[in-house]
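[1] Sequence and predicted structure are below.
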Amino acid sequence: MILIGLMSGTSVDGIDSALVEITGEPGSLQWRLLAFHCHAWEPALRAEILSACHPAAPLQKVVALNFRVGEVFAEAARTLAEKADTPLSQVDAIASHGQTIWHQPQPYLIAGALVTGTLQIGEPSVIAARTGCLVVADFRPADMAVGGQGAPLVPFVDYLLFHSVAEGRAVQNIGGIANVTRLPKTGGSAAVFAFDTGPGNMALDALTEIATGGAQRYDAGGELALRGRVCVRLLEETLQHPFFRLAPPKSTGREEFGQAFAQKFYKHALALSLTSEDTLATAAQLTVESIARAYEEWMLPKGELKRVILGGGGVHNRAICEGLARRLPQIAFQNHADFGLPDDAKEALAFALLGYETLHYRPSNLPSATGANSPAILGKICYPPHAKRS
């Protein structure tokens, strides 16, 4: 099958799209990346999305954004197909993660009952109508319906791509949120262990925008952070955040480490008379230290861990990557690119693979990663308006 995977992360910095040819099944699955593209968000629409990631966001705005974002996801798929010189009629399906605007893995009391939930916008019916392709979307709820946190879902793909019987490995994604997948060399996919470690680039990006008065949306290469000095007091106080003390399985998002968190961090930094560079250096070290402490508490006690494969936008940030190498010198760090996969294409590829599994009626959550009570077939299927039965 040929699929397009679409993914926009919590940083809302662009829609990653991957055209992938997939054959076989888990255990003998093979894939080939045919093309990759990042479709940038228009600044005005990005601002609207970020403003909707808030409990007080007007319902009308959320509803309208769901359809507007669906149009842009469809545009990203069309752009990728054109770039790859592949007609959409040759694409078997589009697998879209959507854009998360609220993720509620912790129980919330409503009308006398405790419930969890999640919401990704980017209406798949619109994507199907604009592309003429079958669309698999909304992957998280099926896992939550059987007691899971709906995240992380990519560990299933991490196992397919990076498991080794020769050594214990981990795959560390540093996107807006940082999450890790531990791949023991024995025990199969049931032994995979994964969870969110905390903020990745999200807080750092927000702080860069604040510190530069909007002139920069992110600290390119970590250059600003590298010029600063880490404030140990601010770092240690921030590491008292309740999320870091939670035992896995656990997941988080903009609700915990978004704009409000960044504003509070920046205000505290000003009170301590930190420079902008010192503030960003401390924020980068927060990502490093939260990852390292998670490894020391939850990963290393489980056995050998020789290699960590880094992915996500954070691999371009020297302050984070060099900090991890210093903090965990006993571990060898490599990037996805060292294994033949472009660093930025990983999550779009992952959702193409998850969509492929859904279309073959196979579960693709890992209960050991999400805390679900059972495996689940993920996603919902939307047919194009003039679908024909084959």
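    In hand now; what should we look at? Computed from a predicted model, the values in this text were never measured in an experiment.

[2] how far out from the middle of the chain is the worst-scoring helix or strand of the chain on mean pLDDT?
    One helix or strand of the chain scores below all others by mean pLDDT, DSSP states H and E: helix 254-257, with a mean of 90. The chain centroid and the centroid of helix 254-257 are separated by 13 Å, computed with Cα atoms, centre = their mean, to the nearest Å.

[3] what's next to that helix, contact-wise?
    Applying Cβ atoms under 8 Å, 6 or more residues apart in numbering, the external contacts of helix 254-257 come out as 10, 53, 100, 102-104, 176-177, 198-199, 202-203, 241, 243. For glycine as for every other residue, the C-beta is placed from the backbone atoms N, C-alpha and C.

[4] residues of it that come out buried?
    By neighbour count on 16 or more other Cβ atoms under 10 Å, the buried set for helix 254-257 is 254-257.

[5] Heading C-terminal from it, find the next helix or strand.
    Next in sequence after helix 254-257, counting helices and strands by DSSP states H and E, comes helix 259-271.

[6] Quick check, pLDDT for the nearest residue to Leu234 once chain neighbours are set aside.
    Leaving out its chain neighbours, the residue that sits closest to Leu234 by Cβ to Cβ, 6 or more residues apart in numbering is Thr282, at 5.2 Å. Looking at Thr282, its pLDDT stands at 98.

[7] Could you list every helix and strand in contact with the helix or strand containing Phe73?
    Applying DSSP H and E as the criterion places Phe73 in helix 59-83. Applying 3 or more Cβ pairs under 8 Å, 6 or more residues apart in numbering; DSSP states H and E, one finds that helix 59-83 contacts strand 2-8, strand 15-23, strand 30-39, helix 43-52, strand 93-110, strand 113-121, helix 124-131.

[8] Please name the residues that touch Glu304.
    By Cβ under 8 Å, 6+ apart, the neighbours of Glu304 are 167-168, 184-185.

[9] I meant to write Pro199 there.
    Contacts for Pro199 (Cβ under 8 Å, 6+ apart) come out as 176-178, 257, 261, 286-287, 290.

[10] Using CSV, lay out those together with secondary structure and distance to Ala95.
    Output for these, formatted as CSV (DSSP: H, G, I helix; E, B strand; the rest coil; distance: Cβ to Cβ, whole Å):
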residue, secondary structure, distance to Ala95
Gly176, coil, 20
Ile177, strand, 20
Ala178, strand, 23
Phe257, helix, 27
Phe261, helix, 31
Leu286, helix, 33
Thr287, helix, 28
Ser290, helix, 30
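
[11] any idea which of these is closest to Pro363?
    Ile177 (23.8 Å; Cβ to Cβ).

[12] from memory that closest one sits against Leu204, does it?
    No - using Cβ atoms under 8 Å, Ile177 is not in contact with Leu204; the gap is 11.8 Å.

[13] So between the two, which is more surrounded?
    Leu204 (31 against 28; other Cβ atoms under 10 Å).

[14] centre of the chain versus the helix or strand where that one lies, how much separation?
    Assessed by DSSP H and E, Leu204 sits inside helix 202-211. Distance of helix 202-211 from its chain centroid, counting by Cα atoms, centre = their mean, is 18 Å.

[15] downstream neighbour of it in the secondary structure list?
    As assigned by DSSP H and E, the chain's next helix or strand after helix 202-211 is helix 223-226.

[16] hey, C-alpha coordinates of the helix or strand just after that next one in PDB?
    Once the chain leaves helix 223-226, the next helix or strand it forms, by DSSP H and E, is helix 232-238. Extracted in PDB, the C-alpha atoms of helix 232-238 (Å, rounded to 0.1, in the frame of the first residue of the first chain):
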ATOM      1  CA  VAL A 232      20.500  25.900  39.300                       C
ATOM      2  CA  ARG A 233      17.900  27.500  41.700                       C
ATOM      3  CA  LEU A 234      15.300  28.100  38.900                       C
ATOM      4  CA  LEU A 235      16.100  24.600  37.400                       C
ATOM      5  CA  GLU A 236      15.600  22.800  40.700                       C
ATOM      6  CA  GLU A 237      12.500  24.700  41.600                       C
ATOM      7  CA  THR A 238      10.900  24.000  38.200                       C
END
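
[17] List the buried residues in the helix or strand following helix 232-238.
    Beyond helix 232-238 on the C-terminal side, the first helix or strand identified by DSSP H and E is helix 242-245. Neighbour counts over helix 242-245 (16+ other Cβ under 10 Å) mark 243-244 as buried.

[18] Other residues contacting helix 242-245?
    198, 250, 252, 256-257, 290, 293-294.

[19] again with stretch 129-137
    So stretch 129-137 is contacted by 4, 70-71, 74-75, 77-78, 88-89, 91-98, 120, 122, 124-125, 127-128, 354-355, 358-359, 379-387 (Cβ under 8 Å, 6+ apart).

[20] go on, stretch 65-76?
    6, 8, 15, 17, 37, 39, 41, 45, 48-49, 52, 96, 98-99, 101, 121-127, 129-131.
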